[in-house]
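Participant: Coordinates for the following, if possible.
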Amino acid sequence: MAQFYYQDGQLCCEQVPLRELAEEYGTPLYVYSKTQILDNFKAIDGAFGEADHATCYALKANSNPSILRILSEAGAGADVVSGGELYLALKAEFPPQKITFAGVGKREDEIEYALKENIFSLSVESVQELQLVSLVATRLNLTARISIRVNPDIDAESHPYITTGLRQNKFGIESSKIEETFKAAQSLPSLTVAGIHVHIGSQIEKVDPFVAAAQFVSEWVGKLRANGIAITHIDFGGGIGVPYANVIRNEALPVDELPENHIPSPDQFITAVLPTLQQTGCAVWVEPGRSIVADAGVLLTRVLYTKENSNRRFVVVDGGMTELLRPSLYGAYHQIVPLTIDTFVHEKVDVVGPICESGDFLARDRTMPRAKQQDILAVLTTGAYGFVSASNYNARLRPAEILVNSERVRVIRPRQTLDQLLP
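Facilitator: Just a heads-up that it's a prediction; the model follows:
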């Protein structure tokens, strides 16, 4: 999070003190760094060097239209998983020839939309989907370019909810059925089978699962070509992990009680698998999301109250699971820091939101600087899977989103208003 740092005891984003944004725009509030987004994209894309490749940003991580436009203008492609995301990608002017459409449950109207827009590829995940894509393409008198997602049964060693490459997961074609599925696809009308797709999970913190996936998919390219199936591109998915603990250091901050993050950098992940993938002679497409936007965003939230029950101390803030679902959904860890360093006193607390659910929390048993009423806290590394999962549960208003570029500030999504809760 190079663009988020303390200066004279004030947490800043690029050249802007975050307290100024919280006071002007209110809380809860998402704040993003344009410089960090671009630096992250360039680090991943640049790791390919002169290799034939495409870096397709995964919209599911953060689909704010202004962020999408930043990445499309930087030369990124787009990875979408719904008709809505395809619409946003096209509106942001991602070239259709650099858009891939993944997802295990595409509707017929979504398939038709993608084919009419002539996107690069539909990633197909079942025989029945193959048949439907063929049917729709034939009806439209078009040829559908497809890749087939395979399931290598490789453990990504991440949270079970975000692991996608094991045989018990719903995604892709299991190994024993890969050859017959590709042959079935080749026999169907109005289909061009051009690629093979693999994606083993999200927030992957070790290189080894990626290396195993690269070896798996490269071997299958050779087998398929031997059977007369001309594979020209490999879609290697995404899933590169990012640090969440101790991402900002200061002598006044406690060290988060988690093992040190030794996650390889995104370019290290790419360079570890690229030689194996390049040996196939295929173009290599990747779909990073989290690794581009996660550390480019923070969620600002104000302390409403502090209270104690028995031997437990609570910090009640105005942001909760309706703004950031990850901690409640699967116990995700985010470092939480004050916007202003004014104490060296630490205490163990639960940071909880205002939602009427016991599962509404941002942190549990967390040692952090003592917080008092009206303090503003920053929940770090929330640029990915933050606002996109926000909801109106408890008739809560969705927060505003702010983009910082050097000393310039822009509202890229206004705070929702009460009248917008009505149909």
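Participant: The nearest residue to residue 279 once chain neighbours are set aside and residue 280: what is the separation?
Facilitator: With sequence-adjacent residues excluded and distances taken as C-beta to C-beta, 6 or more residues apart in numbering, residue 279 is closest to residue 218, at 6.4 Å. Backbone N, C-alpha and C define where each C-beta goes, glycine included. Distance of residue 218 to residue 280, given as C-beta to C-beta, to the nearest Å: 5 Å.
Participant: what is in contact with these two at once?
Facilitator: Common neighbours of residue 218 and residue 280 are listed as residue 234 (criterion: C-beta atoms under 8 Å, 6 or more residues apart in numbering).
Participant: all helices of the stretch 251-400 of the chain, in order?
Facilitator: Under the criterion DSSP state H, counting those that start in this stretch, the stretch 251-400 of the chain contains helices at 266-278, 290-293, 326-330.
Participant: how is the chain carved up into domains?
Facilitator: With automatic domain parsing as the criterion, the domains of the chain are listed as 34-290, 295-421.
Participant: Residue 23: which of these is closest?
Facilitator: domain 295-421 (8.5 Å; C-beta to C-beta).
Participant: quick one, what contacts residue 353?
Facilitator: Residues counted as contacts of residue 353 (C-beta under 8 Å, 6+ apart) are 316, 317, 318, 319, 320, 321, 322, 323, 360, 361, 362.
Participant: Throw these into a markdown table and include neighbour count and distance to residue 145, thanks.
Facilitator: Below are the contacts of residue 353 laid out as a markdown table (neighbours: other C-beta atoms under 10 Å; distance: C-beta to C-beta, whole Å):
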| residue | neighbour count | distance to residue 145 |
| --- | --- | --- |
| 316 | 17 | 52 |
| 317 | 28 | 48 |
| 318 | 19 | 47 |
| 319 | 27 | 43 |
| 320 | 27 | 43 |
| 321 | 25 | 40 |
| 322 | 24 | 40 |
| 323 | 28 | 39 |
| 360 | 18 | 44 |
| 361 | 20 | 45 |
| 362 | 27 | 43 |
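Participant: Which one of those is nearest to residue 206?
Facilitator: Nearest to residue 206 among the contacts of residue 353, counting by C-beta to C-beta, is residue 362 at 26.8 Å.
Participant: just checking, that closest one touches residue 351?
Facilitator: Yes: with contact defined as C-beta atoms under 8 Å, residue 362 and residue 351 form a contacting pair (4.4 Å).
Participant: Please tell me the pLDDT value assigned to the residue lying farthest from the centre of the chain.
Facilitator: The centre of the chain is farthest from one residue, residue 310, which by C-alpha atoms, centre = their mean lies 38.7 Å away. Per-residue pLDDT puts residue 310 at 81.
Participant: Over to residue 204?
Facilitator: On pLDDT, residue 204 comes in at 88.
Participant: Count the residues that sit near it.
Facilitator: Each residue near residue 204 was counted by other C-beta atoms under 10 Å, and the total is 26.
Participant: Quick check: bridge partners of it?
Facilitator: residue 240 (DSSP bridges).
Participant: And it, how close does it get to residue 290?
Facilitator: Remark: distance between residue 204 and residue 290 (C-beta to C-beta) = 10 Å.
Participant: and for those two, which residues touch both?
Facilitator: 239, 240, 241.
Participant: what sits against the second one?
Facilitator: Residue 240 sits next to 44, 204, 266, 269, 288, 290, 291 when contact means C-beta under 8 Å, 6+ apart.
Participant: rerun at 6 Å
Facilitator: 266, 269, 288, 291 (C-beta atoms under 6 Å, 6 or more residues apart in numbering).
Participant: From residue 205, how far off is it?
Facilitator: Remark: distance between residue 240 and residue 205 (C-beta to C-beta) = 9 Å.
Participant: next one: residue 330
Facilitator: Counting by C-beta to C-beta, the gap from residue 330 to residue 205 is 15 Å.
Participant: what's the answer for residue 372, then?
Facilitator: Residue 372 is 35 Å from residue 205, by C-beta to C-beta.
Participant: Could you check which of these two is surrounded by more residues?
Facilitator: The residue with more neighbours, out of residue 372 and residue 205, is residue 205; 17 against 12, by other C-beta under 10 Å.
Participant: Now the phi/psi pair for the nearest residue to that one once chain neighbours are set aside, please.
Facilitator: Excluding its sequence neighbours, the residue lying closest to residue 205 (C-beta to C-beta, 6+ apart) is residue 241, at 4.1 Å. The phi/psi pair for residue 241 (degrees, to the nearest 10) reads phi -80, psi 160.
Participant: Count the residues that sit near residue 241.
Facilitator: So residue 241, with other C-beta under 10 Å, has 22 neighbours.
Participant: same deal with the one 4 residues further on?
Facilitator: By the measure other C-beta under 10 Å, the count of residues near residue 245 is 16.
Participant: Verify the stated contact: residue 204 with residue 239.
Facilitator: Yes: with contacts counted by C-beta atoms under 6 Å, residue 204 reaches residue 239, the gap being 4.6 Å.
Participant: dump the residue contacts of residue 11.
Facilitator: 18, 339, 378.
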